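In: Below are the sequence and a predicted model for it; my questions follow.
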Amino acid sequence: MEGYVVDTSWRNTTVRQLPNNIVIVPNATLAFSVVTSYHQPEQETSVSVPVGASYDSDLDHVERVTCEVASEVMRDVEGAMPTHEPFIRYSAFADSSINFSVILRAAEVTVLGVTGFCGMPRLGAARQHTLTQDAERVAD
């Protein structure tokens with residue numbers, strides 16, 4: 001369950017879920033649950049977008065284009081943190097790609113879906129453009 005704590009009493013805790021549903025949870029249930037607070041110590045949160053690049057790709061070019069597009073996403077998408085400088089973390093050598101994540105920042109967790117949804121097509125388009133250029137370079 002995800003949502004905002006609206007009220008806490010001796011017997012239960014009232015949670016407003018993201019679709020605006022109210023859920024009343026007995027405190028005995030919460031006492032034996034793992035609770036994650038996305039507002040403590042701050043509301044701002046990281047958004048990790050998984051990406052893969054072909055082994056034939058020029059990784060310097062892929063990094064540059066990916067970070068440029070991610071910076072545009074950070075400036076254009078409501079709820080993104082425009083002052084954050086996106087960065088890349090490599091994670092794996094997969095069967096057909098070098099996998100990495102682009103790290104973005106959002107104002108709060110509820111923006112994650114919007115940020116991911118709005119940013120993913122642009123990052124995907126940038127990746128496709130990069131792969132097309134790499135394919136042309138290899139063909140020459």
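Out: Looks like it came in fine.

In: what's the closest non-adjacent residue to V62?
Out: A53 (4.6 Å; C-beta to C-beta, 6 or more residues apart in numbering). Placement of C-beta: from N, CA and C, glycine included.

In: The strand or helix carrying P50 packs against which elements?
Out: Assessed by DSSP states H and E, P50 sits inside strand 45-53. For strand 45-53, the helices and strands in contact under the criterion 3 or more C-beta pairs under 8 Å, 6 or more residues apart in numbering; DSSP states H and E are helix 59-76, strand 98-106, helix 112-139.

In: Now that strand: buried residues?
Out: Buried residues in strand 45-53, counted by 16 or more other C-beta atoms under 10 Å: T45, V47, V49, V51, G52, A53.

In: now it: how far from the chain's centre is it?
Out: Chain-centre distance of strand 45-53: 6 Å, with C-alpha atoms, centre = their mean, to the nearest Å.

In: Centroid-nearest residue for this structure?
Out: V47 (2.5 Å; C-alpha atoms, centre = their mean).

In: quick one: the closest residue to it other than its chain neighbours and A70, what's the gap?
Out: Residue nearest to V47 in three dimensions, not counting chain neighbours: L104, with 4.3 Å by C-beta to C-beta, 6+ apart. Using C-beta to C-beta, to the nearest Å, L104 is found at 6 Å from A70.

In: got any ranges where this structure has weak pLDDT?
Out: Across the chain, the ranges flagged by pLDDT under 70 are 38-40, 109-140.

In: Now that the residue nearest to V47 has come up, it's in contact with G79, right?
Out: No: using C-beta atoms under 8 Å, L104 and G79 do not qualify as a contacting pair, with a distance of 10.6 Å.

In: Mind checking which of those two has more residues around it?
Out: L104 (25 against 15; other C-beta atoms under 10 Å).

In: Tell me how far that one lies from S91.
Out: From L104 across to S91, the span is 16 Å (C-beta to C-beta).

In: Would you agree D56 falls within a helix?
Out: No: under DSSP: H, G, I helix; E, B strand; the rest coil, D56 sits outside any helix and is assigned coil.
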